[in-house]
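A.B. asks: Compute the structure for the input listed below.
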Amino acid sequence: MCGICGVIGIEHGIAAGEALRRMLASLWHRGPDDEGRLEQPHAHLGMRRLSIIDLAGGSQPVCNETGRVAVVYNGEIYNFPELRETLGGLGHAFRTHSDTEVIVHAYEQWGPECVQRFNGMFAFAIWDGRSDPAQVFIARDRLGIKPLYYSNVGGALVFASEVRALLASGLIERRLSPSALWSYLLFGSVSEPETLISGIFSLPPGYFLHITDVTRPSASSPKRYWGLAEAAARAPQQSRTSFADAAKALRPLLEGVVRRHLIADVPLGVFLSSGMDSTCLAALAARESGALHTFTVIFSEPGFSEAPMARRTAERLGAKHQEMLLSAGTVLARIDEAVAALDQPTADGINTYFVSWAARQAGLKVALSGLGGDEVFGGYSTFRSTPRAARVRALARAVPRPLRSLAARAVLRSAGGGQRADAVRKGVSVWRSPEALPHAHFFARSLFPPESCADLLGGDGGAAGAENSAASQPAESWRAWLEQAAREVQGRDDFSAVSWLEMRSYMVNMLLRDTDAVSMAHSLEVRVPLLDHQLVEFVAALPAAAKQRAGHPKALLAESIGDLLPEEVLRQPKRTFTLPWQHWLRGPLGDRVAQNLGELCAPLSDHLQSKPVRDVWQNFRAGQTGWSRPWSLYVLNEWVRRNVSAPIAIAPPSPDSRPGAVIGSADARGAIRSAS
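C.D. replies: Now for the predicted structure:
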């Protein structure tokens, strides 16, 4: 696990090298164990390494036998032993036991098609000096587990594992994207492929960027190599598969996935809650490992702690179990560093920050997470609310707008308070502005409804304003990404449609992005076995009747693995892991939030309206809305204050870190050498 970065297309080596060094310094927390650089004409690549596999031999960049192909890489390739054997049989010689070297030889053998053979989470950049001019190939894993960002600056291309690293390069203006602000307010996170910084974009999941001429990198654009609909269509025909047969076939897939994800040369554990996903992983891991380490965050607030059930599960599995009590005082004391760990602001990232911090305190360097189980197996309430929203949307399209507005006002007057009021406002939003978003699911997943976003941003707060403002975003924006996802689920059953839309929105834009950023802030690698692409493809290809049962969330997973799980885990209702923000925001932490929202920082105050922002906080205090809305605005304001108003703080190199390898050109032919 690492952080990577690069500068492609700048002819002046000194300028490119300085930008690379600044980015590497900002990525120190992602890889405190090692640093490496590749410096070639028009191509400067770098990495910071967190050693997980082949601790002694996995330093990067890693080259092929001739030194004409080299890679910097972030992630894990879980099928690297099989690929290594195949490539060895094809004549490739290996010098290390790392998965990184497999990437080099796979690209050497199969070119850009190599990504189709990788099973894992990855973001990498390959320099290919076998041609003149040289080429660079950049790719991101299918589901977006590992991030990669890029920007075209004056004809050059700059990329990195974090948005903040690109800002640290000194090549990119710190300017907010108005379009991305819309996305953030709607969903509590910025949607792919945009970022909150204008001109910085995410390489989307399942895409690559092939720069065939390093002197002209801006001539290349991202290309897709994987999509779930196409992959599921290529899967063996399963239209007649029964629920029982699907559960039976799923079991060995789960066992194999967990077995692969346990490969590590450092301490590894499982984030264990009382939920089915993490319990499933722990149960399968316990069968493979005799020294399973489990970890749970607990709270003193009634109704939030999952400690008793997790404790009983760990005891049943014979695991070494640790618990970390997280209090409001601890959160308040560390909230500044938690926000500072976010690479982009989100309404949910602070949860994962404290879980990762506690796991690292317990001595873990790798942790398995059940992230993805709700998306793949149907655990979220959106699997039920999206079809309802779709019916409201279809009816609204047949009713004139004036009549819709009258009905909406009547419903809002009877909305009540708290979470019920928030749910009513979402439903009313679908009714008033059915075209504001390209699919009913996005209404169900919204944080602020479109008309509230327009109000916060100073636009027309009515239904017409919401539709027109959202629809006017540029074609290359987050809205185009949502429209593409909506097109991909046309004609699919409700379960499959919601599953894919969850993975393409909430999961990649918030859960995976947060998990990567805040876990790496603690130099902790988090693995997500339930997002193995072969497992995801298998479930996606099943008919609806083979993966669901009415009234039983995640029925297929429960049927497949139920004999290994405690009965109390199977019987309990679905719980959403969250910190007790509803309680904490009514104490000293709330005073911090109130002060923050009363003083919007300069870049944000150019876009957000102060009174509607303050009203959100007052509505929370009055019980008229949930905690997530004022909290999302607090995190947004703090993130902008730290990363746009002022230069990003760069962590100093560790005094214990080893000097990194530098691979540079030795002569006019571009032959390379190693130097310390």
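A.B. asks: Neighbours of His607, how many?
C.D. replies: Residue neighbour count, defined by other Cβ atoms under 10 Å, stands at 17 for His607. (C-beta placed from N, C-alpha, C; glycine too.)
A.B. asks: and what of Ser560?
C.D. replies: Neighbour count for Ser560, taken as other Cβ under 10 Å: 22.
A.B. asks: Any stretches of the chain with poor pLDDT?
C.D. replies: Counting by pLDDT under 70, the chain shows low-confidence ranges at 1, 50-58, 236-239, 415-419, 459-476, 573-577, 646-676.
A.B. asks: mind listing what's buried in the longest helix belonging to it?
C.D. replies: As assigned by DSSP state H, the longest helix anywhere in the chain is helix 243-261. Within helix 243-261, the residues that count as buried by 16 or more other Cβ atoms under 10 Å are 243, 246-247, 250, 254, 256-261.
A.B. asks: Over to stretch 9-20?
C.D. replies: When burial is assessed from 16+ other Cβ under 10 Å, stretch 9-20 yields the following buried residues: 9-10, 13, 16-20.
A.B. asks: Now render these as CSV, adding distance to Leu457.
C.D. replies: Formatted as CSV, the buried residues of stretch 9-20 follow (distance: Cβ to Cβ, whole Å):
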residue, distance to Leu457
Gly9, 35
Ile10, 36
Gly13, 43
Ala16, 38
Gly17, 41
Glu18, 37
Ala19, 33
Leu20, 37
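A.B. asks: Can you tell me which of those is closest to Gly206?
C.D. replies: In terms of Cβ to Cβ, no member of the buried residues of stretch 9-20 lies closer to Gly206 than Gly9, at 24.8 Å.
A.B. asks: After the longest helix of the chain, which helix or strand is next?
C.D. replies: As assigned by DSSP states H and E, the chain's next helix or strand after helix 243-261 is strand 268-271.
A.B. asks: helices or strands up against that following strand?
C.D. replies: Strand 268-271 makes packing contacts with helix 276-288, strand 293-298, helix 349-361, strand 366-368 when contacts are defined by 3 or more Cβ pairs under 8 Å, 6 or more residues apart in numbering; DSSP states H and E.
A.B. asks: returning to what we had before: and the two most separated of the buried residues of stretch 9-20?
C.D. replies: Gly9 and Glu18 (15.4 Å).
A.B. asks: ok so, going back, Gln490: which of the helices and strands packed on strand 268-271 is closest?
C.D. replies: Gln490 sits nearest to helix 276-288 of all the helices and strands packed on strand 268-271, at 28.9 Å, using Cβ to Cβ.
A.B. asks: for that closest one, packing partners?
C.D. replies: Using 3+ Cβ pairs under 8 Å, 6+ apart, helix 276-288 is in contact with helix 243-261, strand 268-271, helix 307-317, helix 373-377, helix 555-561, helix 567-571.
A.B. asks: Run through who's touching the fifth one.
C.D. replies: Contacts of helix 555-561 from elsewhere in the structure, counted by Cβ atoms under 8 Å, 6 or more residues apart in numbering, are 243-244, 246-248, 250-251, 254, 276-277, 280, 283-284, 373, 377-378, 539, 542, 546-549, 552, 565, 570.
A.B. asks: at 6 Å instead, please
C.D. replies: With Cβ atoms under 6 Å, 6 or more residues apart in numbering as the test, helix 555-561 has contacts from 247, 250-251, 280, 377, 547-549, 570.
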